[in-house]
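Asks: Quick check, what structure comes out for this input:
(one chain, ligands or ions: 1)
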Amino acid sequence: MSRINTRRVTATATHGATDHAPAITFDRVNVAYGRGRGATRALIDFNLRVSPGETVALLGPSGSGKSTALKALAGFTQPVSGTVRLGGRDVTDLPPAKRGIGVVVQSYALFPHMRVAENVAFGLRSHRVPRSEIGGRVSDALAMVGMSAYGKRFPRELSGGQQQRVAIARALAIRPKVLLLDEPLAALDAQLRQSMLTELQQLRAALPDTAMLYVTHDQSEALALADRIAVMRDARLVDIDTAENLWKRPPSSFTAAFLGGANLLPAVVTRVIGTSALVTVGGTPVTAQAPQPEIGHVDWESDSGALLCIRPHAVNLVSPAERGAMPARIVGTVWRGASTRLTVALVGMPETPIEADVTGHDERPVGTEVGVRFPDQGAVLVPAPGPVS
Ligand SMILES: Nc1ncnc2c1ncn2[C@@H]1O[C@H](COP(=O)(O)OP(=O)(O)OP(=O)(O)O)[C@@H](O)[C@H]1O
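Replies: Okay, the predicted model is just below:
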């Protein structure tokens, strides 16, 4: 049974905010650590808008600037330039405690000498909530995360998952309009992470007015929770769209690879009509989607190079004798229980092996000859990467 209470809670208004403004705005925000030549630019011209009630995941590899973006919003780091707004109100120069944001970090950050209820009450006191209200607010917040029975315990008497629930309760107790979560599941084991992910989905549904910014380097968390995913690389935002669009029609090879380990094969464009393409991969003709991005336009010119993006589950392994199949050989095999991940090398293209997921336990040995087919329109063209600026 779920431990998150799905009762809906309405966030209290923050003073000075406007109703129609985005809940969160980053406007050309730059953050650097250190000064002069040795400075690290951790956020470069970062723009992002999050609507009330929307969840945006900041996804990217280690060091790409995700936590820095949260810190700039929470007030833990000061931008060199740019503006941070909450509900339309400029908070760039406001101290963290005055921003009214709930923050949950990976390490729980509970006070070890305080009981659970005192931990949750702490934030309320620092937000000057009247004494008479504190008890009720603490009970409500603990009930939301299914921890009502644990108010008298110390953090050391709780499991990792329970401590993280208390940390979430503490963030929710102030009834924030904006909730920041920085890798909240990273310290938990795989099984607990999965159940907490389900609970976070329920929490999201229970807080329809609360905007959430969720930092993760785990694409499955981002896909499960986010309305939109903002992909970061080297201190910059590289792509932003709905989870579904980024997954199905990745606008860049970086996002394609980062979001779900896509196969990216060098291809040559034969012709594109509308959003359908005919390309060749290693000389074999393949049909693919050739989508256009939301903003801008991609010219898929005949004879130009592109990348063919295909997910491992969409690759079909057939008999090498089948007409139109690309000849290949199995070079690796990993049984994963419900499926087997096979690595196959196309004849003539050994440097770009393809990963293919096959249902069940596939016992074909390494060295077996196979044929590779991509289902009609099952692959998507992605622009070949240009130089990183
Ligand atoms: N306090 C600091 N002093 C100096 N450099 C820092 C500091 N905090 C972060 N950085 C640097 O800024 C860059 C961005 O760091 P940030 O923590 O925002 O990345 P991240 O995407 O959240 O990474 P991770 O997934 O590993 O947490 C990195 O190069 C990091 O080394």
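Asks: For the residue nearest to residue 348 when sequence neighbours are not counted, give me its contacts.
Replies: Nearest-residue entry for residue 348: residue 282, 5.3 Å, with adjacent residues in sequence omitted and distances by C-beta to C-beta, 6 or more residues apart in numbering. C-beta here means a position set from N, CA and C on the backbone, and glycine is covered the same way. Counting by C-beta atoms under 8 Å, 6 or more residues apart in numbering, residue 282 makes contact with 326, 346-349.
Asks: What subset of these is buried?
Replies: For these, a burial check counting by 16 or more other C-beta atoms under 10 Å picks out 326, 346, 349.
Asks: Angles on the backbone of the second one, please.
Replies: With angles defined as degrees, to the nearest 10, residue 346 shows backbone torsions of phi -70, psi 140.
Asks: give the contact list for it.
Replies: 281-282, 326-328, 352, 354, 372.
Asks: Among the buried ones among the contacts of residue 282, pick out the one closest to the ligand, please.
Replies: residue 349 (33.1 Å; C-beta to the nearest ligand atom).
Asks: does the closest one have beta-bridge partners, and which?
Replies: residue 346 (DSSP bridges).
Asks: quick one: it and residue 280 touch, right?
Replies: No - applying C-beta atoms under 8 Å as the test, residue 349 and residue 280 come out as separate, 11.7 Å apart.
Asks: Could you measure from the residue nearest to residue 348 over to residue 276?
Replies: Distance, residue 282 to residue 276, by C-beta to C-beta, to the nearest Å: 21 Å.
Asks: With residue 268 instead?
Replies: Residue 268 is 16 Å from residue 276, by C-beta to C-beta.
Asks: ditto for residue 61
Replies: 33 Å.
Asks: Then residue 122?
Replies: The value you get for residue 122 to residue 276, if C-beta to C-beta is used, is 59 Å.
Asks: Have a look at the two and say which one is more surrounded.
Replies: residue 122 (17 against 14; other C-beta atoms under 10 Å).
Asks: shouldn't that one be in contact with residue 116?
Replies: No - using C-beta under 8 Å, residue 122 is not in contact with residue 116, being 10.9 Å away.
Asks: For residue 268, which non-adjacent residue is spatially closest?
Replies: That would be residue 280: by C-beta to C-beta, 6+ apart, it lies 5.1 Å from residue 268.
Asks: residues contacting the one you found?
Replies: Contacts of residue 280 (C-beta under 8 Å, 6+ apart): 267-268, 270, 286.
Asks: Also residue 33?
Replies: Per C-beta under 8 Å, 6+ apart, neighbours of residue 33: 39-40, 42.
Asks: How about residue 277?
Replies: 269-271, 287-290, 300, 381.
Asks: For the ligand, state which of the contacts of residue 280 is nearest.
Replies: So of the contacts of residue 280, ranked by how close each gets to the ligand (C-beta to the nearest ligand atom), first place is residue 267, at 31.3 Å.
Asks: For that closest one, pull up the helix or strand it's in.
Replies: Element membership of residue 267, judged by DSSP states H and E, is strand 263-273.
Asks: Just the CA atoms of that strand, as CSV, please.
Replies: The C-alpha trace of strand 263-273 is given here as CSV (Å, rounded to 0.1, in the frame of the first residue of the first chain):
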residue,chain,number,x,y,z
ASN,A,263,22.2,3.3,-30.8
LEU,A,264,23.5,6.1,-33.0
LEU,A,265,24.7,4.9,-36.4
PRO,A,266,26.3,7.0,-39.1
ALA,A,267,23.9,7.3,-42.0
VAL,A,268,23.8,9.1,-45.3
VAL,A,269,20.6,10.9,-46.3
THR,A,270,19.2,9.7,-49.7
ARG,A,271,16.0,11.9,-49.6
VAL,A,272,13.5,13.4,-47.2
ILE,A,273,9.9,14.0,-48.0
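Asks: Give me the sheet partners of that strand and which way each runs.
Replies: Partners of strand 263-273, by DSSP bridges, with direction: strand 276-281 (antiparallel), strand 305-310 (antiparallel).
Asks: picking up where we left off before, any of the contacts of residue 346 buried? List them.
Replies: 281-282, 326, 328, 354, 372.
Asks: Which member of those residues is positioned nearest the ligand?
Replies: Using C-beta to the nearest ligand atom, the buried ones among the contacts of residue 346 come closest to the ligand at residue 354, 28.6 Å.
Asks: what kind of secondary structure is the closest one in?
Replies: strand (DSSP: H, G, I helix; E, B strand; the rest coil).
Asks: and what of residue 247?
Replies: helix.
Asks: try residue 191
Replies: Once three-state DSSP is applied, residue 191 turns out helix.
Asks: residues near it, how many?
Replies: 9.
Asks: The residue nearest to residue 54 when sequence neighbours are not counted: what's it in contact with?
Replies: Once flanking residues are discounted, residue 54 sits nearest to residue 227: 5.0 Å by C-beta to C-beta, 6+ apart. By C-beta under 8 Å, 6+ apart, the contact set of residue 227 is 54-56, 242-243.
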